[in-house]
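# structure of the sequence below:
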Amino acid sequence: MKKTAILTVIAFCFFAYNAYAASDAFKDNIYNPGQLKPVDSVLKVKVGQKAPDFILKAVSGETVSLKDYRGKKNVVISFVPAAWTPVCSDQWPGYNIISDIFENNDAVLLGITVDSIPTLFSWTNQMGKLWFEVLSDFWPHGKVAAKFGVLRSDGVAERALFIIDKKGIIRYIDVHNINQRPPLEDLVRELERLK
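This is a model prediction of the structure:
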């Protein structure tokens with residue numbers, strides 16, 4: 001791992017509590033589902049395979065397609081289960097701290113959840129400005145999550161990360177315990193392997 005990436009991850013770990021600390025009003029709106037089954041789906045894709053394309057609406061009003069990045073950028077897809085839940089509300093703001101690592105590795109981040117655009121609009125406004133596109137896989141419900149094999153039996157997505165290279169090939173998959181944030185250092189390491 002490069003020195004700047006290591007320093008960024010160390011800084012992230014040191015300041016993570018403050019970065020994730022939301023206003024009291026925001027915290028009062030977070031729904032805690034309790035401990036969930038760590039993984040509840042069967043992957044339909046694997047490393048080395050072409051990623052399934054998709055087109056989704058973004059909170060920004062844009063329509064985003066995976067194929068739009070082919071030949072231009074590496075793509076990290078971050079599926080999270082649901083808006084207004086504790087781990088999800090911590091995970092995505094944390095990516096603001098390492099936005100330069102995405103830039104240095106010629107990568108974009110796409111956040112995907114099965115929530116509707118109005119819900120995602122309200123939630124992301126409460127979290128603060130996110131530098132990446134937040135996409136709604138609401139209708140047809142969970143269609144993109146299902147294509148990847150990360151739609152859980154209760155209708156939410158797994159907490160999962162996919163790194164897709166500029167050729168559209170899946171280079172890394174982490175279907176993580178839904179109750180925990182994936183370690184940033186793993187994501188940084190895998191992004192740097194693309195060089």
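
# per-residue confidence at residue 193?
Each residue has a pLDDT score; the one for residue 193 is 94.

# do the same with residue 118
We note a pLDDT of 97 for residue 118 in this prediction.

# now do the strands in the protein.
Assigned by DSSP state E, the chain shows strands spanning 55-58, 63-65, 74-79, 107-113, 133-136, 159-164, 170-176.

# quick one: the helices in the chain?
3-20, 24-27, 86-97, 99-104, 117-127, 143-148, 184-192 (DSSP state H).

# for those, which has the smallest mean pLDDT value?
Ranked by mean pLDDT, the helices of the chain end with helix 3-20 in last place, scoring a mean of 47.

# closest to residue 42 out of the strands of the chain?
strand 170-176 (9.7 Å; Cβ to Cβ). Where you see a C-beta, it was placed from the backbone N, CA and C, and this is true even at glycine.

# partner strands of that closest one and their direction?
When pairing is defined by DSSP bridges, strand 170-176 lines up against strand 159-164 (antiparallel).

# what sits against residue 30?
Residues touching residue 30, when contacts are defined by Cβ atoms under 8 Å, 6 or more residues apart in numbering, comprise 22, 84-86, 89.

# ok, residue 133 next?
58-60, 62, 64, 108-111.

# possible to save those residues as CSV with distance to residue 144, pLDDT and neighbour count?
Conversion of these to CSV gives the following (distance: Cβ to Cβ, whole Å; pLDDT from 0 to 100; neighbours: other Cβ atoms under 10 Å):
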residue, distance to residue 144, pLDDT, neighbour count
58, 13, 98, 18
59, 15, 97, 21
60, 17, 96, 14
62, 16, 97, 12
64, 11, 98, 18
108, 16, 98, 18
109, 15, 98, 20
110, 10, 98, 21
111, 12, 98, 22
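
# ignoring the adjacent residues along the chain, who's closest to residue 152?
When the adjacent residues along the chain are set aside, residue 152 lies closest to residue 40, with 4.2 Å between them (Cβ to Cβ, 6 or more residues apart in numbering).

# quick one: contacts for the residue nearest to the spatial centre of the chain?
Within the chain, one residue has its C-alpha closest to the average C-alpha position: by Cα atoms, centre = their mean, that is residue 78, at 1.9 Å. Residues counted as contacts of residue 78 (Cβ under 8 Å, 6+ apart) are 91-92, 95, 109-112, 160-161.

# list the beta-bridge partners for it.
Under the criterion used here (DSSP bridges), residue 78 is bridged to residue 111, residue 161.

# rewinding a little: and the residue nearest to residue 152, how far from residue 165?
For residue 40, the distance to residue 165 under the criterion Cβ to Cβ, to the nearest Å works out to 28 Å.

# neighbour count: those two, which is higher?
Residue environment comparison for residue 40 versus residue 165 gives the larger neighbour count to residue 165, 19 against 15, counting by other Cβ atoms under 10 Å.
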